[in-house]
Structure formats: C-alpha cells, structure tokens
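A.B. asks: predicted model and sequence below, questions to follow.
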Amino acid sequence: MANVTILAPHIDDESIGMGGSIAKHIDLGNAVRVIFFDSGRDGIEMKERESEAENVMAFLGIKDAQFLRGAIPYLHRSIPETIVGLLRQYSTDFLYAPHLNDGDSEHVTISELAHRLLWMANGNYFPDQEGKCNIKSLFLYEIHRPINEVHYLEDISSYEKRKKTAISMYKSQTGRVKYHKSAISLNRYRGISSEFSQCAEAFQIFGARNLIEIIGPAQLLTPGAPPANAHRSYQNRKKS
C-alpha cells in the first residue's frame, strides 16, 4: 500500500484536478489523504463547503482530510512546519499539488509551497517531529489552466463517471461554474487527442527519486515523444 497526500488550495480542487486518479489509487488499496487550505470566506460558507468535502470523501473512500482554514495569501509562517508534520505522520510516499502555471494565484502559491515541502519533509527540518517520510516524487495536476508540458497521462476512462459525480457533489460551486463539465471535457481532450484513451488526467513530475522503479522504463516520456507515451501504471507504484 502506498500513502498519497494531496494539497488542495480550495475545497473541490482535488476532485476537479485528479478525481479519477484518487478513485484509482483507492481501488488499488492506496491510502489517500487531503490537506485543504481555504474552506471559505466566513463561518457559514466554511461549514457548507467542509460538509460537501466530507460527503465527497465518503463517496470516493478518502481516508482522512485536514482543513487548515487559512486565507492562502496570508498563510502563517508556521504552516510549512504543520504540513511537514502531517506528511511525516502519514508516511507520505507521493505528494500531489496544482501545477505552477495553473492560472490562479492561490493555486500557484500552494504549488510553490509543495516544492519546498518536498525537500523539507525528506530532509532534517523540524527534528523534534515524530515520524519520517521518504516522498518519492511530487505530482502536479491541472485545474483551471492546462499543463503546457505534460510528463505523463493517467487513463481514467473507467473512473470518468465517478469523478464527475464527485465534482457534482460540490453543489455550492457547480451551481456557479460547471466544473463537472469543464474538467471531464479537458480529460477527454487529453485522452483522445493523444490517442491514449477516452479520458485521461495529465500531470507533471518533480523531485522524483528512482523514477524508473516507480513507473517503469518503457513508460517514460522521452524528449519530443507524444504524450501517449507518457502513461504510467499505479500498479507499479504500490508498495509491497
């Protein structure tokens, strides 16, 4: 079993960006946890959105979630230490966050933070904390703006319906913007245009260790190769 931790700037970003991969992880027996940063502007909105998140967690089978309830532009300087502690507590193997050019300034802030957390959690920072982790790589997902340079694709054709349902459960958000439609449309474009599958989620990889062992040498995206060669198997990333 692998331990997966997802950094979600806002409640629903995890499902929009990688809901199919979350479901796939869980079906393979991997433990998925989510750290949510911003729950909303006031107590009423926070309660509504966190309740929606809990329903989505139950639907997908997400093991645990933390609601930091912090305004992202004003994150307290203690946040990195807090999250490093959680990553170590979870024995995180794989860390996910939005990509650096996602088009939302708060998503970019969390992406930049994720890059710092990768080496802080694997290093000797905050030595008084309990637990250790050896994060094997940071995976960056797309939400609002497509990734320009795709490192790999994950086939979610069998999980499209589950992902769409999960996003639709965030009624406070989909009543305003049809994220359940835009996300699936992007995933279909990714899969069909690459001649890879009917529906796929795109990612970038950073800070990978022993990458060939993780995804297999035949699945690496070589320079100039089409994204269809970038697929990987979660089965190869399950711990014994």
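C.D. replies: Now that the structure is in, tell me what you want to look at. Numbers count the residues shown, from 1 in each chain.
A.B. asks: list the contacts of Ile11.
C.D. replies: For Ile11, the contact set (Cβ atoms under 8 Å, 6 or more residues apart in numbering) comprises Phe36, Asp38, Ser39, Gly40, Arg49, Glu50, Glu52, Ala53, Tyr170. In this view, the C-beta of every residue, glycine as well, is placed from N, C-alpha and C.
A.B. asks: any idea how far the last one lies from Glu50?
C.D. replies: Think Tyr170. Computed as Cβ to Cβ, to the nearest Å, the Tyr170 to Glu50 distance reads 11 Å.
A.B. asks: one more: the first one?
C.D. replies: In this view, Phe36 and Glu50 are 8 Å apart by Cβ to Cβ.
A.B. asks: of these two, who's got more company?
C.D. replies: Phe36 (23 against 17; other Cβ atoms under 10 Å).
A.B. asks: mind telling me what element the residue nearest the centre of the chain is part of?
C.D. replies: Nearest to the geometric centre of the chain sits Tyr96, at 3.9 Å (Cα atoms, centre = their mean). Using DSSP states H and E, Tyr96 sits in strand 94-98.
A.B. asks: likewise for Ala8?
C.D. replies: Using DSSP H and E, Ala8 sits in strand 3-10.
A.B. asks: please apply the same query to Ser21.
C.D. replies: Here Ser21 is assigned to helix 13-27, by DSSP H and E.
A.B. asks: for that helix, what is the average pLDDT?
C.D. replies: Across helix 13-27, pLDDT averages out at 97.
A.B. asks: now the helices: where do they sit in this structure?
C.D. replies: 13-27, 43-60, 79-89, 105-122, 160-168, 171-174, 179-193, 211-215 (DSSP state H).
A.B. asks: between those, which one is nearest to Gly131?
C.D. replies: helix 79-89 (3.8 Å; Cβ to Cβ).
A.B. asks: what lies in contact with the closest one?
C.D. replies: In contact with helix 79-89 (Cβ under 8 Å, 6+ apart) are residues 5, 7, 35, 66, 68, 70, 95, 113, 116-117, 120-121, 125-126, 129-133, 135.
A.B. asks: which of these count as buried?
C.D. replies: Thr5, Leu7, Ile35, Leu68, Leu95, Leu113, Leu117, Met120, Ala121, Cys133, Ile135 (16 or more other Cβ atoms under 10 Å).
A.B. asks: just put those in a markdown table and tack on pLDDT and distance to Asp27.
C.D. replies: Converted to a markdown table, the buried ones among the contacts of helix 79-89 look like this (pLDDT from 0 to 100; distance: Cβ to Cβ, whole Å):
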| residue | pLDDT | distance to Asp27 |
| --- | --- | --- |
| Thr5 | 97 | 18 |
| Leu7 | 98 | 22 |
| Ile35 | 97 | 22 |
| Leu68 | 94 | 28 |
| Leu95 | 97 | 20 |
| Leu113 | 96 | 29 |
| Leu117 | 95 | 27 |
| Met120 | 94 | 31 |
| Ala121 | 95 | 26 |
| Cys133 | 86 | 23 |
| Ile135 | 94 | 22 |
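A.B. asks: now those as a markdown table including distance to Ala58?
C.D. replies: Compiled in a markdown table, the buried ones among the contacts of helix 79-89 are given as follows (distance: Cβ to Cβ, whole Å):
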| residue | distance to Ala58 |
| --- | --- |
| Thr5 | 19 |
| Leu7 | 21 |
| Ile35 | 18 |
| Leu68 | 20 |
| Leu95 | 23 |
| Leu113 | 28 |
| Leu117 | 27 |
| Met120 | 31 |
| Ala121 | 28 |
| Cys133 | 26 |
| Ile135 | 27 |
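A.B. asks: and those, which is closest to Tyr141?
C.D. replies: Ranked by distance to Tyr141 (Cβ to Cβ), the buried ones among the contacts of helix 79-89 are led by Leu7 at 9.9 Å.
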